[in-house]
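**Student:** 3D model of this:
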Amino acid sequence: RAGLAAADWVITTGGIGATPDDITRAAVAKALGLPLESHPEAVRELHAYYGKHINEVRLSLAQMPAGAELIHNPVNRIPTFRAGRVIVLPGIPSLVRAMFPSQQSVLSGTPYLKHHLETHVGESHLAATLAEAETRFPAVAFGSYPDIDSRPMRVRLVLRSKRREEIDAARDWLTERVAQIERNL
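**Tutor:** The predicted structure is shown next:
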């Protein structure tokens, strides 16, 4: 639920098999407030894939939140789904690569742009500058990520925005301010 509150889409990978630790289907249904039900098209796909080897455990793979849309699996027909703003994919990287392109049209929209800056200045020296940056550039999200294991210590500053002009201006402004801080230390 927290992911849905904070993002336009939530994409999960893994946890959709038939063993007790595969809880993604139930967790997504619970987060969306929907019951789990057997998806008829998924049942057909499973019968087509397993043939005479179909059993109740394999049929449990057709359980999805009510109203979910089946995502076509071109590799092995094991069903995954999209429910609301949640896309559920398998945990196997090759299957994700095969299936994700079919979801890109759903995710279309203005892409986020991202810039990175690195400095050896500690976060305490950057705090006031980052606070000012957030005020000056409200359309840009700023993140500060220290790498305390590197020697010398490094801080990676990440800027994200859907607006090219804003992120470019913020990058230029922040680059200049960080350089001033570095010179003054």
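
**Student:** and the gap between the residue lying closest to residue 169 once chain neighbours are set aside and residue 61?
**Tutor:** Leaving aside its sequence neighbours, residue 169 sits nearest to residue 137 (Cβ to Cβ, 6 or more residues apart in numbering; 6.8 Å). The C-beta positions use only the backbone N, C-alpha and C, and glycine is treated the same way. Distance, residue 137 to residue 61, by Cβ to Cβ, to the nearest Å: 47 Å.

**Student:** need the strands for this protein, in chain order.
**Tutor:** Taking DSSP state E to define them, one finds strands in the chain at 10-13, 36-38, 63-65, 69-71, 80-83, 86-89, 113-119, 141-147, 154-161.

**Student:** Run the angle between the longest one and strand 141-147 for me.
**Tutor:** Read it as strand 154-161. For strand 154-161 against strand 141-147, the angle by axes from the mean of the first three to the mean of the last three Cα atoms, to 10 degrees is 160 degrees.

**Student:** Quick check: can you name the pairing partners of strand 154-161 and their directions?
**Tutor:** Taking DSSP bridges as the criterion, strand 154-161 sits next to strand 113-119 (antiparallel), strand 141-147 (antiparallel) in its sheet.

**Student:** Likewise for the second one?
**Tutor:** Next to strand 36-38 in the sheet, as set by DSSP bridges, lie strand 63-65 (antiparallel).

**Student:** can you count the residues close to residue 41?
**Tutor:** By other Cβ atoms under 10 Å, 13 other residues sit near residue 41.

**Student:** Over to residue 23?
**Tutor:** By the criterion of other Cβ under 10 Å, residue 23 has 12 neighbours.

**Student:** ok, now residue 119?
**Tutor:** Residues near residue 119, counting by other Cβ under 10 Å, number 20.

**Student:** Now do the contacts for it.
**Tutor:** Each residue near residue 119 by Cβ atoms under 8 Å, 6 or more residues apart in numbering is listed here: 126, 154-155, 157, 178, 181-182.

**Student:** partner residues bridging it?
**Tutor:** residue 155.

**Student:** confidence score at it?
**Tutor:** pLDDT, residue 119: 95.

**Student:** Point to the residue nearest the middle of this structure.
**Tutor:** Among the residues of the chain, the one closest to the centroid is residue 11, at 5.1 Å (Cα atoms, centre = their mean).

**Student:** Quick check: which ranges of the protein have low pLDDT?
**Tutor:** Applying pLDDT under 70 to the chain flags no residue at all.

**Student:** Would you confirm that the residue nearest to the centre of the chain contacts residue 89?
**Tutor:** Yes - counting by Cβ atoms under 8 Å, residue 11 touches residue 89, with 6.8 Å between them.

**Student:** Overlap in contacts, these two.
**Tutor:** Contacts common to residue 11 and residue 89, judged by Cβ under 8 Å, 6+ apart, are absent.
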